[in-house]
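Participant: one predicted model, sequence on top.
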Amino acid sequence: MLRQTDKPNQVRIHVPPILEGCGSSLSAEDTVGKLIRRQVFDLPAPPPPELTEHQAQTCRCADCGSLTPAEFPEETDVPVQYGPNIAAIALYLHAVQFLLEQRLAEVFRQLFEVRFCPATLAGISRKGAQRWTSFTHWVRDLLLHMPEVKHLDETGSRLRAIRNGWAC
């Protein structure tokens, strides 16, 4: 629910520049009477994407002369890619909010200045589905072997001759 708070992120003080009666200049020291507050809740402007470059160096051993290259972090498996935050937001908007890939690409371009094609979003969805597979199998197996779980679909059930709807 929208209500005023005593701890705003920022406060902007507005003082009339001149006195209406004679036109004299005014400042915050001239303030009298009751303070009137108004608050505006808003989202900050989306920032441009944060770019992190990973550089792997190769070192030579001073004793034996062998070369050892550094390894890149696991999440940097190609020269240029989108990070996990972009992927998570894209997957949420696509899988939970049902935005189509073309529309989702437009949202990212307009809000975040991130340009990608629908095929990239399809790849993000595919990777997200692969990550969830083992978890969903684990949950399925757990539920199938729990005797206290009632196996129903969203159409409902009957309990003591009373129909109970379980639809989400």
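Facilitator: Thanks, I have the structure now.

Participant: list the buried residues of the helix ranked longest in the chain.
Facilitator: Secondary structure of the chain per DSSP state H: the longest helix is helix 118-144. Within helix 118-144, the residues that qualify as buried are 120-121, 124-125, 128, counting by 16 or more other C-beta atoms under 10 Å. (C-beta placed from N, C-alpha, C; glycine too.)

Participant: what's the closest of those to residue 110?
Facilitator: Nearest to residue 110 out of the buried residues of helix 118-144 is residue 121 (C-beta to C-beta; 14.9 Å).

Participant: ok so, going back, quick check: mean pLDDT across the longest helix of the chain?
Facilitator: Averaged over helix 118-144, pLDDT sits at 88.

Participant: chain center to that helix: distance?
Facilitator: Offset of helix 118-144 from its chain centre (C-alpha atoms, centre = their mean, to the nearest Å): 19 Å.

Participant: got it, and stretch 65-75?
Facilitator: Averaging C-alpha positions (C-alpha atoms, centre = their mean) puts stretch 65-75 32 Å from its chain's average.

Participant: that one: end-to-end distance?
Facilitator: In stretch 65-75, first residue to last residue: 30 Å (C-alpha to C-alpha, to the nearest Å).

Participant: list the buried ones in it?
Facilitator: For stretch 65-75, it's none, nothing buried (16+ other C-beta under 10 Å).
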